[in-house]
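J.: Take a look and give me a structure for this.
(one chain, ligands or ions: 1)
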Amino acid sequence: MKFNRELSIIQQKMAATSAGVNRRQAVLQALNLEAGQTILDVGCGGGHLLEDLSLAVGEKGSVYGLDPSTTQIKSAQSRCMNLTNVELICNLASEIELATKSCDSVASIQTLEYIKDLDPTLEEITRVLKNNSMFINVSVLWDHFKFHGPEDKLNNLIHEAFKSHCFHQMLPMVLEGKLKKLGFSNIKNQELPFLVTKRHKNSPAAHAEVILSMHALKQGISEEKVLDWQKQLEIAEKNKTYGFTSFPVLTASYLI
Ligand SMILES: C[S@@+](CC[C@H](N)C(=O)[O-])C[C@H]1O[C@@H](n2cnc3c(N)ncnc32)[C@H](O)[C@@H]1O
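T.: Numbering: from 1, shown residues only. Reported below is the predicted structural model:
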């Protein structure tokens with residue numbers, strides 16, 4: 001999935017919801033940052049996490065945000081314009097332009113699942129980490145990213161079409177093995193699942209509904225079917241049978 005202007009705007013709205021805030025809080029807690037540290041955010045998007053990282057490491061610290069999307073980098077630049085310790089890099093995660101062993105920690109939220117050939121990226125993250133450092137990743141178990149309420153056939157059609165939006169549907173299931181091979185240890189998973197039962201416009205479910213609808217149309221599902229699905233979600237909410245579930249997982253790992 002390419003994070004062009006249209007998608008970047010929705011993604012940034014999603015990042016600003018309670019679900020986005022919860023993930024960032026979990027990442028910050030796991031990182032346990034100290035003033036003066038150097039931290040990299042891989043797939044920084046609109047820069048929400050960069051702001052928090054910048055304040056945590058203070059003026060003597062450095063925060064790098066890397067993302068290949070120029071739209072996302074521009075938004076991150078504008079969000080962080082008053083933060084002197086933040087630097088943005090417009091590039092792929094497989095080509096991090098930072099020195100070997102230069103980072104105290106690397107964080108990444110909902111990004112690795114969009115990278116087809118993941119191994120070069122994980123090797124690159126390992127390369128820039130110092131000894132005794134941390135890599136924190138949050139990825140979604142996309143099989144559980146699901147709306148409930150519409151009739152099964154149509155609902156399954158929309159969700160099935162959404163599978164092509166990223167390369168790794170269940171990344172947290174295989175990440176631990178990949179990290180072990182690269183020398184990471186003490187790998188722990190923390191579940192961050194949530195359920196939304198109201199269809200109000202600032203909820204992560206509202207933005208997810210837009211993203212799934214857009215993707216379904218791109219995959220050739222008719223507008224009539226997509227509108228019918230949305231109508232069924234609306235009816236389900238009225239009937240109190242509506243729900244949206246998502247299951248992100250935070251993986252914390254240490255490089256000795
Ligand atoms: C769902 S967004 C998450 C953004 C941000 N981490 C957040 O939580 O708000 C995924 C981001 O991954 C970026 N991305 C996609 N492929 C990438 C790659 N190969 N290397 C680095 N970032 C990538 C996209 O441009 C996009 O900004």
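J.: Need the pLDDT of whichever residue of the chain sits closest to the ligand.
T.: As assessed by C-beta to the nearest ligand atom, the ligand sits closest to residue 45 within the chain, at 2.5 Å. Where you see a C-beta, it was placed from the backbone N, CA and C, and this is true even at glycine. The per-residue pLDDT reported for residue 45 equals 96.
J.: quick one: contacts for it?
T.: Residue 45 is in contact with 3, 8, 11, 12, 15, 67, 69, 72, 75, 76, 109, 111, counting by C-beta atoms under 8 Å, 6 or more residues apart in numbering.
J.: 10 Å - rerun?
T.: When contacts are counted by C-beta atoms under 10 Å, 6 or more residues apart in numbering, residue 45 touches 3, 8, 11-12, 14-15, 20, 65, 67, 69, 71-73, 75-76, 79, 109-111.
J.: when you check the ligand, which of the residues you listed turn up near it?
T.: Filtering the contacts of residue 45 for neighbours of the ligand using C-beta under 6 Å from any ligand atom leaves 3, 11, 15, 67, 69, 72, 109, 110, 111.
J.: Just these: which are in helices?
T.: Using DSSP state H, the members of those that fall in helices are 11, 15, 72.
J.: how about the strands in the chain?
T.: When secondary structure is read from DSSP state E, the chain shows strands at 38-42, 62-66, 86-89, 103-109, 129-140, 146-148, 184-191, 194-196, 243-246, 248-255.
J.: Can you lay out the ones you listed as a markdown table showing mean pLDDT, mean neighbour count and distance to residue 173?
T.: What follows is the strands of the chain, written out as a markdown table (pLDDT from 0 to 100; neighbours: other C-beta atoms under 10 Å; distance: least, C-beta to C-beta, whole Å):
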| stretch | mean pLDDT | mean neighbour count | distance to residue 173 |
| --- | --- | --- | --- |
| strand 38-42 | 98 | 25 | 20 |
| strand 62-66 | 98 | 25 | 25 |
| strand 86-89 | 98 | 20 | 29 |
| strand 103-109 | 98 | 25 | 17 |
| strand 129-140 | 98 | 20 | 10 |
| strand 146-148 | 98 | 18 | 17 |
| strand 184-191 | 98 | 14 | 10 |
| strand 194-196 | 96 | 16 | 19 |
| strand 243-246 | 98 | 18 | 16 |
| strand 248-255 | 98 | 21 | 9 |
